[in-house]
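K.L.:
mind looking at a prediction? Sequence and model below.
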Amino acid sequence: MFPLSDDAPARNRTLAPYAGRWVALLRGEVIGQGGTPEQALIAARFSHPKETPEICFVPMETPWNLPPLLMRIRAALPPEQPIYLVGGAVRDLLLEQPVHDFDFILPGETLRRSRLLADRLGAAYYPLDAARNTARVVLVNEDGTRDVLDFAALRAPDLEGDLRDRDFSINAMAVNLRDPDKLLDPLGGAADLRAKRLRACSSAAMRNDPVRVLRAIRLAAALDLHIETGTRQWMREAVPGLTGISAERQRDELMKILNGPRPHAALRALDLLGALPYTLPELESLKGVDQSAPHTKDVWEHTLDTLRALARVLDILTRHPAPDEGGSLLLGELSLHLGRYRRQVREHLADEFVPDRPARGLLFFAALYHDVAKPQTRSVDVNSGRVRFLGHDTQGAGVAASRARHLRLSNEEITRIRRIVQHHMRPILLANENRKPSKRAVYRFFRDSGAAGVDICLLSLADVAAAYGPALPAERWHRQVEVVRRLLEAWWEQPHSAVSPPALINGKDLIELGMRPGPMIGEILNAVRLAQVDGQVRSRSDALKFARKYLQG
């Protein structure tokens, strides 16, 4: 990305090793270099204190692919107004990734200027923290996507000082929108990106804000970075400080981790840093809890394997892999039998109860907690010696909901997580019956789980794959896939007949038959629904006859 192209001017080609950096030139020779013009000049003065060098930026091979929105922002502000794009947006532009969240430094009258900008862009304006001069502008595009623009004043005497106070070098880069072809990179973040290295801006970065421990793990997993040794030590030292971080800030980072590409790796890193007791304390008890066959690992290792398997399952079921990309015949069977639901699975996982928190993260949260109650429900059958965990699904649902509530998730999110954990065994038990699920079993499953039933189906595939590991029998996997296919077919293709048949009678009708209000009314209405699913009841008249017969015993 950074070396110069062959058609660059001759002088620039000789500067190829400095691509993306500022250099100080004296009679054509580089006498200093740095991430900003000031750094290059200071470096030059060490060797040539009495001479005035030429300071220039050595362009990168791949020009900035700046979104047109940035030029609209620049044009909407007074020409004398400085404005800098900073942070993660610069990093993602270097990585050629799409950007919809932008952070800007807007020196001067930040709130007034950002409100004026919102008016000129036809966007919404929100003051985030008037005391700290921060504001947000939200622009809704024609296709329904949103661009979020955050504006802040300088937090230090100058731009370099502001950047040095940030978390990681890869987030401490800036672009002056008045001169957008040049990168300002005082801490060498671009070089760290090339080296796939995550490095803290300073030894105090973690201590000043321990939530950066979680952010480091998230970025390392999402961008496939290795954490620099010193940074890793500072993270470990800062972990106890997580107790002073608000639940909301912990939640935001944890949910981004769970929505990321490798949540199993991130959770392993959290554990190795000793951060689990400060973030997800219930998971500590899973370690060392052994299980009977087909399990070969303890509950903690099985949980991490489930997260890994779930990521692979969702990868197969949310995109169109190449024919030879399935990874195994077993995963290929997923594509063959469930591939027709890719669009529906993508839409389901992208659904948001709360903005910027997709349901995908809730599924991984539930997967992380699906066996959380196994330690307290563990027992050993005296006759067979088999380890059992009776009721771990029901008890686990309460534990998972409690942790979700502590993290200030919404009521709708908590309900979704509770249902996934509570019913996560049902598709597995249906597959163990070695026969096609009955119409009544399908109806009861979705009656109890609702839309969470889709998540439960996906989790069941990962749970089975993780339990058996490489020894997973093809026939057992086929049964699980077939059960999931039948359930998803009912949910997406037969909702009115298999999942939620229309009500033919109601409680008022039963009262007119002579019933008294009470629990029996609900029992009869449910029995009528089951009869509808079986095809025994097809009309209102059939339903009333069925109810009379039910009342007569």
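P.N.:
In hand now; what should we look at? As the structure is a computational prediction, the values presented were derived from the model and not from experiment. Residues are numbered from 1 along each chain as shown.
K.L.:
buried stuff in the helix or strand harbouring Thr415?
P.N.:
Using DSSP states H and E, Thr415 sits in helix 411-422. Judged by neighbour count using 16 or more other CB atoms under 10 Å, the buried positions of helix 411-422 are 413-422. Where C-beta positions appear, they are placed from N, C-alpha and C, glycine not excepted.
K.L.:
could you pull up the mean pLDDT of that helix?
P.N.:
The average pLDDT for helix 411-422 rounds to 98.
K.L.:
which secondary structure elements does it contact?
P.N.:
In terms of contacts (3 or more CB pairs under 8 Å, 6 or more residues apart in numbering; DSSP states H and E), helix 411-422 is packed against strand 352-354, helix 359-369, helix 392-406, helix 439-449, helix 452-468.
K.L.:
what's the closest of the ones you listed to Ile217?
P.N.:
Closest to Ile217 of the helices and strands packed on helix 411-422 is helix 359-369 (CB to CB; 14.3 Å).
K.L.:
ok, back up a step: mean pLDDT for the helices and strands packed on helix 411-422 - can I get that in CSV?
P.N.:
Listed next are these as CSV, based on pLDDT from 0 to 100:
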stretch, mean pLDDT
strand 352-354, 94
helix 359-369, 98
helix 392-406, 98
helix 439-449, 94
helix 452-468, 97
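K.L.:
any idea which of those is most buried?
P.N.:
Counting by mean count of other CB atoms under 10 Å, helix 359-369 has the highest mean neighbour count of the helices and strands packed on helix 411-422, with a mean of 26.
K.L.:
any idea which helix or strand comes after that one?
P.N.:
Next helix or strand after helix 359-369 toward the C-terminus (DSSP H and E): helix 374-377.
K.L.:
list the buried ones in that following helix?
P.N.:
Neighbour counts over helix 374-377 (16+ other CB under 10 Å) mark 374-375, 377 as buried.
K.L.:
between the residues you listed, which sits nearest Ala293?
P.N.:
Looking across the buried residues of helix 374-377 and measuring by CB to CB, the closest to Ala293 is Lys374, at 15.4 Å.
K.L.:
for Arg403, see how far away the closest one is.
P.N.:
Lys374 is 16 Å from Arg403, where distance means CB to CB, to the nearest Å.
K.L.:
again with Glu347
P.N.:
Applying CB to CB to Glu347 and Arg403 gives a distance of 27 Å.
K.L.:
so what's the most centrally placed residue in the chain up against?
P.N.:
Geometric centre of the chain, nearest residue: Asn259, 1.3 Å, by CA atoms, centre = their mean. When contacts are counted by CB atoms under 8 Å, 6 or more residues apart in numbering, Asn259 touches 357-358, 360-361, 364.
K.L.:
can you list the weak-confidence ranges in the protein?
P.N.:
Across the chain, the ranges flagged by pLDDT under 70 are 1-13, 320-329, 553.
K.L.:
quickly list the domain ranges of it.
P.N.:
10-57, 68-195, 203-279, 285-499, 507-551 (automatic domain parsing).
K.L.:
can you tell me the SS state at Gln33?
P.N.:
strand (DSSP: H, G, I helix; E, B strand; the rest coil).
K.L.:
residues in contact with the nearest residue to it once chain neighbours are set aside?
P.N.:
Once flanking residues are discounted, Gln33 sits nearest to Val23: 4.7 Å by CB to CB, 6 or more residues apart in numbering. Residues in contact with Val23, defined by CB under 8 Å, 6+ apart, are 15, 30, 32-33, 40, 55-58.
K.L.:
and Val23, that one's in a strand?
P.N.:
Yes: per three-state DSSP, Val23 lies within a strand segment.
K.L.:
how close does Glu489 get to Ile420?
P.N.:
Glu489 sits 20 Å away from Ile420, going by CB to CB.
K.L.:
residues in contact with the residue nearest to Lys182 when sequence neighbours are not counted?
P.N.:
Of all residues not flanking Lys182 in the chain, Phe57 sits nearest, at 4.2 Å (CB to CB, 6+ apart). The contact partners of Phe57, taken as CB under 8 Å, 6+ apart, are 21-23, 37, 181-183.
K.L.:
quick check: the farthest pair among those?
P.N.:
Val23 and Asp181 (15.2 Å).
K.L.:
how long is stretch 397-417 from one end to the other?
P.N.:
Length of stretch 397-417, first residue to last, CA to CA, to the nearest Å: 8 Å.
K.L.:
not counting that stretch itself, show me its contacts.
P.N.:
With CB under 8 Å, 6+ apart as the test, stretch 397-417 has contacts from 247-248, 250-251, 254, 280, 282, 353-354, 357, 359, 362, 365-366, 369-370, 372-373, 418-419, 421-422, 451-452, 455.
K.L.:
what sits against His392?
P.N.:
Here His392 is in contact with 371, 373-374, 377 (criterion: CB under 8 Å, 6+ apart).
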